[in-house]
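Participant: Show me how the following folds:
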Amino acid sequence: MVGRDPGRAHNSPLFRKPVTTLDDHLSAGLRVAHLAEIVEAYPTAGEDDDAVLDAEDLAFGPPILRPPSLRDFYGFERHVAKMWQRRGAEVPEAWYRLPIFYFGNVSEIRGPAEPVWPPRGSSELDFELEVGAIVDTPGRDLAPERAEEVIGGYCILNDWSARDLQRDETTVRLGPAKGKDFATSIGPWLVTPDELADAREPGTTGPDLEMTADVNGQAISRGTWSSAHFSFGQMLARASADARLRPGDLVGSGTVGTGCLLEVREETLGRYLEPGDEVTLRIERLGELGTPIVARPT
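Facilitator: Here you go, the predicted structure:
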């Protein structure tokens, strides 16, 4: 393309050095939307263009390799209510006022088809079906109605959980820690907000897009992004209060209602995950994120 437009290497920062990873792109001060100059302006040579590869011939990694932070929220009322019902209690009033989150572990980010295994001492491995958002510009003390402007794109996020470890940790009112920090899977695509705008009605918390989960081809979970109690704008406003958001920060929506075995195990799979299982999460327009469950490496 530079050869067809000699001025591009001078005029566009995208053509001054090779495009490598999204991490490097963001660290250079560029936003995800800047990549449209490559994608949308690419002049194909026809159906047999050797530069256009079939998706099945490619191995996809996580959209971002080294997010500076991971904040995972608790944004869907149906999921939250089910968790509190299991404890014999009602949802705390504060949950309806405050988007609540915990900090996850950025050292164990996995991509599509990368295996996951139960951590040491756990026999209750579970998936959690979530929407992930990647911040691509700095922000601090953001207003809820403007906070989504810092989002570069959305992806599927699987917030893996070891329920037995998590249960022990939360009895002391701290955590989760080892019940959560062993793996987070994201991918396969990073979809920019403009691609989803037509699926969202004004005043709603998110696009009206279906979210589903299967285990070994058996339907387990079904919900919608638009059923979230909090929008990403509200969540990011909370996250940025007195704190800086940085390019590359990863934010999870929390689990959609029915989006984990802890909620629906008895009426669906009848057990937690085991080696040999295949978990497939799907979100309309965001693709399909598959993960094989394997035995813990020795």
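Participant: Please, where are all the strands along the stretch 1-150 of the chain?
Facilitator: 70-73, 101-103, 109-110, 125-126, 129-135, 139-140 (DSSP state E, counting those that start in this stretch).
Participant: CSV for those, including distance to residue 180 and mean neighbour count?
Facilitator: The way it works is simple: take the backbone N, C-alpha and C, and place the C-beta from them, glycine included. Below are the strands of the stretch 1-150 of the chain laid out as CSV (distance: least, CB to CB, whole Å; neighbours: other CB atoms under 10 Å):
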stretch, distance to residue 180, mean neighbour count
strand 70-73, 8, 24
strand 101-103, 8, 15
strand 109-110, 13, 20
strand 125-126, 11, 24
strand 129-135, 12, 27
strand 139-140, 25, 16
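Participant: Can you say which of those strands is nearest to residue 79?
Facilitator: strand 129-135 (9.4 Å; CB to CB).
Participant: Partner strands of that closest one and their direction?
Facilitator: Using DSSP bridges, the strands paired with strand 129-135 are strand 151-158 (antiparallel), strand 250-252 (antiparallel).
Participant: Need those strands in a markdown table (columns: mean neighbour count).
Facilitator: As requested, the strands paired with strand 129-135 are arranged in a markdown table below (neighbours: other CB atoms under 10 Å):
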| stretch | mean neighbour count |
| --- | --- |
| strand 151-158 | 26 |
| strand 250-252 | 25 |
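Participant: hmm, back to that, out of the strands of the stretch 1-150 of the chain, the one nearest residue 276 is which?
Facilitator: strand 125-126 (12.0 Å).
Participant: ok, residues contacting the closest one?
Facilitator: Contacts with strand 125-126, where a contact means CB atoms under 8 Å, 6 or more residues apart in numbering, come from 116-118, 160-163, 260-262, 272-274, 293.
Participant: One more pass at 7 Å, please.
Facilitator: Contacts to strand 125-126, defined as CB atoms under 7 Å, 6 or more residues apart in numbering, come from residues 118, 161-163, 260-262, 272-273, 293.
Participant: what pLDDT, on average, does that strand get?
Facilitator: The average pLDDT within strand 125-126 is 98.
Participant: returning to that earlier point: mind checking which of the contacts of strand 125-126 are in strands?
Facilitator: Assigned to strands by DSSP state E, the following of these qualify: 161-162.
Participant: Would you reformat the contacts of strand 125-126 as a markdown table and include distance to residue 150?
Facilitator: Putting those into a markdown table (distance: CB to CB, whole Å) gives the following:
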| residue | distance to residue 150 |
| --- | --- |
| 118 | 35 |
| 161 | 28 |
| 162 | 32 |
| 163 | 33 |
| 260 | 28 |
| 261 | 33 |
| 262 | 31 |
| 272 | 36 |
| 273 | 34 |
| 293 | 34 |
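Participant: The contacts of strand 125-126: which two are farthest apart?
Facilitator: Every pair of the contacts of strand 125-126 checked by CB to CB; the farthest is 262 and 293, at 16.1 Å.
Participant: and the gap between the residue sitting nearest the centre point of the chain and residue 70?
Facilitator: The centroid of the chain falls nearest to residue 132 when counting by CA atoms, centre = their mean (2.4 Å). According to CB to CB, to the nearest Å, residue 132 and residue 70 sit 9 Å apart.
Participant: got any residues that touch both of the two?
Facilitator: residue 250.
Participant: Show residues contacting the helix or strand hosting residue 189.
Facilitator: Element membership for residue 189, per DSSP states H and E: strand 184-191. Here strand 184-191 makes contact (CB under 7 Å, 6+ apart) with 32, 60, 62-63, 70, 104, 108-112, 114, 116, 132, 134, 153-160, 285-289, 291.
Participant: Skip the chain neighbours and tell me the closest residue to residue 201.
Facilitator: residue 208 (7.1 Å; CB to CB, 6 or more residues apart in numbering).
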